[in-house]
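In: This is a predicted model, with the sequence first.
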Amino acid sequence: MTYQRFVGSAGARRRYWARSHVGWRQIGEARPNAGHRAVAELERRGLLAGIVTQNVDGLHQAAGARGVIELHGGLDRVVCLSCRERTPRAELERRLREANPGWEASGQINPDGDAVLTDEQVAGFRVVGCAGCDGVLKPDVVFFGENVPRPRVDECFAVVGGARALLVLGSSLAIKSGLQFVTKAAALGIPIAIVNQGPTGGDAGRHAHPGRPARSHADRPRLPALTGLLNTISRAAAQGVWGWRSKGAVQGWRAHRCGRGRMGRMPPRTCPCGLPAPYRDCCGRFHRGEAAPATAEQLMRSRFSAFGVGDEAYLLRTWHPSARPPRLDLDRRVRWVRLEVLESTGGSVVHTEGTVRFRAHYLERGEAGEMEEHSRFVRLDGRWVYAGALNG
Ligand SMILES: [Zn+2]
Ligand SMILES: [Zn+2]
């Protein structure tokens, strides 16, 4: 289904939703496999700068991965083409059931998660519009003929640019939306490993920057920086071929053994706080507990970075006990991308109190947003802690 057909024809939309409605039960029953769990585990160990997926089934998140950018969107939600409101797919499914009492159809389910139905089955199906404005509803995924939203692409470029290596798992890289990040990494001199069944668009020789990417799959990767990662994947997946149902040509990928390598941490290359230093020498020192921020602004920056890398423990221990929430559930869909410090008062090495006004930029499902806060900081036992937002 192309975007143009979906938008241009009520009949095409009826066919899409009828097939998708029948197939949804199967999609809803899909569970993460060893591959998804391995990626989540790599992230949990702090080895990933980020995860970009072309899958729309939400299984990385279901396996516990947090910093997932869904390049092609996700099937778990729908978007209204008129008012742009996004609503849960489950809600639409409920409304479709209500609008189609007694309509029952079944057919072979294909890997995209829709069922093969006859014209008669489709003809009897009633489509519903946006609950708010009756506009046309579309799954919040990128169709053929449709562009990935620019902010989302930029977000992926930022993740790739900040990474020390690019690992491609289970993609033929046949289309530009995925291949462009490999091209970018190659241009930046970032080592690349591709694990896939069969050749890919990113293999050396097929590429705008030939010679950089390591051909993988059967080969032992030639790049020592990646052997630790690949070892981890191999161990986590207990070897063998992992079934990997997804859109398009990719049907599976194979973990393969490679030489023993030391596993290295993969922190972001530059610190999320915006200071021109590598994360490990900047806020990373505070997060690891090796040093304490000397000023209120330093603490503020390190807390922003902690949001960026998802360090909840650091956020909680730098919160004044009187204002500290019992726990934090960081919203995994929000990616903190840039910090602007607007003004600060006090908060130096000689002060015991200080304030910082800042603007924080984030991306949520590819949409850019920002928030401003005037925060108060105090010293507690000599260390700066966050005491909450100032009123007004
Ligand atoms: Zn609407
Ligand atoms: Zn920093």
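Out: Structure received. Ligands and ions are numbered 1, 2, ... in the order given.

In: Going by C-alpha atoms from here, please, whenever you check contacts or count neighbours.
Out: OK.

In: Against ligand 2, how distant is Gly73?
Out: Remark: distance between Gly73 and ligand 2 (C-alpha to the ion, to the nearest Å) = 31 Å.

In: Once you drop chain neighbours, what's closest to the residue of the stretch 201-350 of the chain at minimum distance from ligand 2?
Out: Closest contact between the stretch 201-350 of the chain and ligand 2, by C-alpha to the ion, is at Cys283 (3.9 Å). Excluding the flanking residues, the one nearest Cys283 by C-alpha to C-alpha, 6 or more residues apart in numbering is Ser302, at 5.1 Å.

In: export stretch 356-371 as PDB, just CAs?
Out: Only the C-alpha atoms of stretch 356-371 are listed here, as PDB (Å, rounded to 0.1, in the frame of the first residue of the first chain):
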ATOM      1  CA  VAL A 356      19.500  28.200  37.100                       C
ATOM      2  CA  ARG A 357      17.100  29.100  34.400                       C
ATOM      3  CA  PHE A 358      17.300  26.800  31.400                       C
ATOM      4  CA  ARG A 359      15.600  25.600  28.300                       C
ATOM      5  CA  ALA A 360      15.700  21.900  27.400                       C
ATOM      6  CA  HIS A 361      15.000  20.600  23.900                       C
ATOM      7  CA  TYR A 362      13.600  17.200  23.300                       C
ATOM      8  CA  LEU A 363      12.300  15.000  20.600                       C
ATOM      9  CA  GLU A 364       9.200  12.800  21.200                       C
ATOM     10  CA  ARG A 365       8.400  10.400  18.400                       C
ATOM     11  CA  GLY A 366      10.300  12.700  16.000                       C
ATOM     12  CA  GLU A 367       8.400  15.800  17.100                       C
ATOM     13  CA  ALA A 368      10.600  18.600  18.500                       C
ATOM     14  CA  GLY A 369       9.600  20.200  21.800                       C
ATOM     15  CA  GLU A 370      11.100  22.300  24.500                       C
ATOM     16  CA  MET A 371      10.500  23.100  28.200                       C
END
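
In: Could you pull up the mean pLDDT of it?
Out: Per-residue pLDDT over stretch 356-371 has a mean of 85.

In: what residue ranges in the stretch 251-392 of the chain score low on pLDDT?
Out: 251-269, 366, 391-392 (pLDDT under 70).

In: Name the residues that touch stretch 307-323?
Out: 272, 287, 303, 306, 324-325, 327-328, 330, 335-337, 380, 384-388 (C-alpha atoms under 8 Å, 6 or more residues apart in numbering).

In: Stretch 157-175: end-to-end distance?
Out: End-to-end span of stretch 157-175 (C-alpha to C-alpha, to the nearest Å): 16 Å.

In: quick one on the thing from earlier: does the residue nearest to Cys283 sit in a helix, a strand or a coil?
Out: Here Ser302 is recorded as helix under DSSP: H, G, I helix; E, B strand; the rest coil.

In: quick one: contacts for it?
Out: Counted by C-alpha under 8 Å, 6+ apart, Ser302 has contacts Cys273, Cys283, Phe286, His287, Pro293.

In: sorry, back to before: dump the residue contacts of the residue of the stretch 201-350 of the chain closest to ligand 2.
Out: Cys271, Cys273, Arg301, Ser302, Ser305.

In: and which of those residues is nearest ligand 1?
Out: Ser305 (36.0 Å).

In: Need phi/psi at the residue minimising distance to the centre of the chain.
Out: In the chain, the residue lying closest to the centroid (C-alpha atoms, centre = their mean) is Val68, at 1.7 Å. Main-chain torsions, Val68, degrees, to the nearest 10: phi -100, psi 130.

In: That one pairs with what?
Out: Ile51 (DSSP bridges).

In: same check, this time on Ser375
Out: Val356, Ala389.

In: Roughly how far does it sit from ligand 1?
Out: For Ser375, the distance to ligand 1 - C-alpha to the ion - is 37 Å.

In: With Pro325 instead?
Out: Distance from Pro325 to ligand 1, by C-alpha to the ion: 36 Å.

In: With Trp384 instead?
Out: On the measure of C-alpha to the ion, Trp384 and ligand 1 end up 47 Å apart.

In: Quick check: that residue is in a strand.
Out: Yes: counting by three-state DSSP, Trp384 is part of a strand.

In: what kind of secondary structure is the spatially closest residue to it that is not a sequence neighbour in?
Out: Once flanking residues are discounted, Trp384 sits nearest to Val378: 5.6 Å by C-alpha to C-alpha, 6+ apart. Following three-state DSSP, Val378 is assigned to strand.

In: mind listing what Val378 touches?
Out: Ala296, Gly347, Thr352, Glu353, Gly354, Trp384, Val385, Tyr386, Ala387.

In: rewinding a little: and which of the contacts of Cys283 is nearest to Ala38?
Out: Ser305 (25.1 Å; C-alpha to C-alpha).

In: The closest one sits in which helix or strand?
Out: helix 296-309 (DSSP states H and E).

In: What distance do you get for the residue lying closest to Leu169 once chain neighbours are set aside to Glu297?
Out: Once flanking residues are discounted, Leu169 sits nearest to Val195: 5.0 Å by C-alpha to C-alpha, 6+ apart. The spacing between Val195 and Glu297, counted by C-alpha to C-alpha, is 43 Å.

In: doesn't Phe144 make contact with Met1?
Out: Yes: contact status for Met1 versus Phe144: in contact at 7.0 Å, counting by C-alpha atoms under 8 Å.

In: okay, now the domains of this protein?
Out: For the chain, automatic domain parsing gives the domain ranges 1-34+54-146, 148-266, 279-389.

In: For this protein, which residues are neighbours of ligand 2?
Out: Cys271, Cys273, Cys282, Cys283 (C-alpha under 5 Å from the ion).

In: Identify the residue spatially nearest to the third one, adjacent ones excluded.
Out: For Cys282, the nearest residue in space outside its immediate sequence neighbours is Cys271; the separation is 6.5 Å by C-alpha to C-alpha, 6+ apart.
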